[in-house]
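In: Build me a model from this:
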Amino acid sequence: MKKLVEVVQVEGEGLDGLLDQPVLLLCANYFYTGKLIGVCETYVKLENPSVVYETGAWTEKGYRDSQKLHVNEFYVQRAAIEAFGLSK
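Out: Here you go, the predicted model:
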């Protein structure tokens, strides 16, 4: 039997730790990039959002095909996010 004895909450980890920074969200259907300006249980909010259709080499400075969306702010469902981190 495995048993969890102590739970430690670490502040500033995960999406909360990336607030106010440029992020890349790898989602079920698309990749999104933008400045992470909001996080809640259901969704995250991006400022200056773009859809990344082709990343190119990860070592490149930017993305090969990244297209800005028609709005200044955009919401992405957390349930669709498979991975996330700082953007290029």
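In: ok, now how distant is the residue nearest the centre of the chain from residue 16?
Out: Nearest residue to the geometric centre of the chain (CA atoms, centre = their mean): residue 25, 3.3 Å. As judged by CB to CB, to the nearest Å, residue 25 and residue 16 stand 14 Å apart. Yep, even glycine has a C-beta here, placed from its N, CA and C like the rest.
In: In three-state terms, label residue 6 for me.
Out: Each residue gets one of three states, and residue 6 gets coil by DSSP: H, G, I helix; E, B strand; the rest coil.
In: Just give the number of residues close to it.
Out: By other CB atoms under 10 Å, the residues close to residue 6 number 4.
In: quick check: mean pLDDT across the longest strand out of those in the chain?
Out: Assignment by DSSP state E gives strand 43-54 as the longest strand of the chain. What strand 43-54 shows for mean pLDDT is 98.
In: can you pull the contacts of the closest residue to residue 74 other than its chain neighbours?
Out: Closest residue in space to residue 74, ignoring its immediate chain neighbours: residue 49 at 3.8 Å, by CB to CB, 6 or more residues apart in numbering. Residue 49 is in contact with 32, 33, 34, 68, 69, 71, 73, 74, counting by CB atoms under 8 Å, 6 or more residues apart in numbering.
In: ok, the third one to residue 65 distance?
Out: By that I understand residue 34. For residue 34, the distance to residue 65 - CB to CB - is 16 Å.
In: Same drill for those two, tell me which one is more crowded.
Out: residue 34 (24 against 12).
In: got the contact list for the more buried one?
Out: 22, 23, 46, 47, 48, 49, 50, 74, 87.
In: Could you pull up phi and psi at residue 16?
Out: phi -60, psi -40 (degrees, to the nearest 10).
In: Number of residues surrounding residue 73?
Out: 14.
In: how about residue 42, what does it touch?
Out: 77, 78, 79.
In: Buried ones in stretch 74-88, by neighbour count?
Out: 74, 76, 78, 81, 84, 87 (16 or more other CB atoms under 10 Å).
In: Having no further points to raise, I will conclude here.
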